[in-house]
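K.L.:
With the input below, show me the fold.
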Amino acid sequence: MSKDTVTAVRQDGLRYQSKIGGSPFLGSGHTRSCFKCGKHRAPASLQSIRLLGRNEVVCKPNCKTLP
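P.N.:
Numbering: from 1, shown residues only. The predicted structure follows:
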């Protein structure tokens, strides 16, 4: 998800950013974020658990084992 960002200071002292267009989510676009680690994954690599009285999706089998 890291895209190249160029930052420069103009002559009047203001800073601006120019970013490359496009979506950081490559592939089919069908992703959801893990409730614990926040990374976006395909629905097949997530599992639903009951957490804090709600059903939330988390990484399957856990966040540390997936790249």
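K.L.:
Roughly how far does residue 35 sit from residue 65?
P.N.:
Remark: distance between residue 35 and residue 65 (C-beta to C-beta, to the nearest Å) = 16 Å. Bear in mind the C-beta positions are built from the backbone N, C-alpha and C, glycine included.
K.L.:
where in this protein is pLDDT low?
P.N.:
1-7, 14-29, 66-67 (pLDDT under 70).
K.L.:
show me where it has helices.
P.N.:
Along the chain, no stretch is classed among the helices by DSSP state H.
K.L.:
Go through stretch 39-59 and flag the buried ones.
P.N.:
41, 46, 57-59 (16 or more other C-beta atoms under 10 Å).
K.L.:
What segments of this protein are strands?
P.N.:
5-9, 15-19, 32-33, 40-41, 46-51, 54-59 (DSSP state E).
K.L.:
Mind listing the residues bridging to residue 56?
P.N.:
residue 49 (DSSP bridges).
K.L.:
circling back: look at residue 35 and residue 65 and report which has more neighbours.
P.N.:
The neighbour count for residue 35 versus residue 65, taken as other C-beta atoms under 10 Å, is higher for residue 35 (18 against 8).
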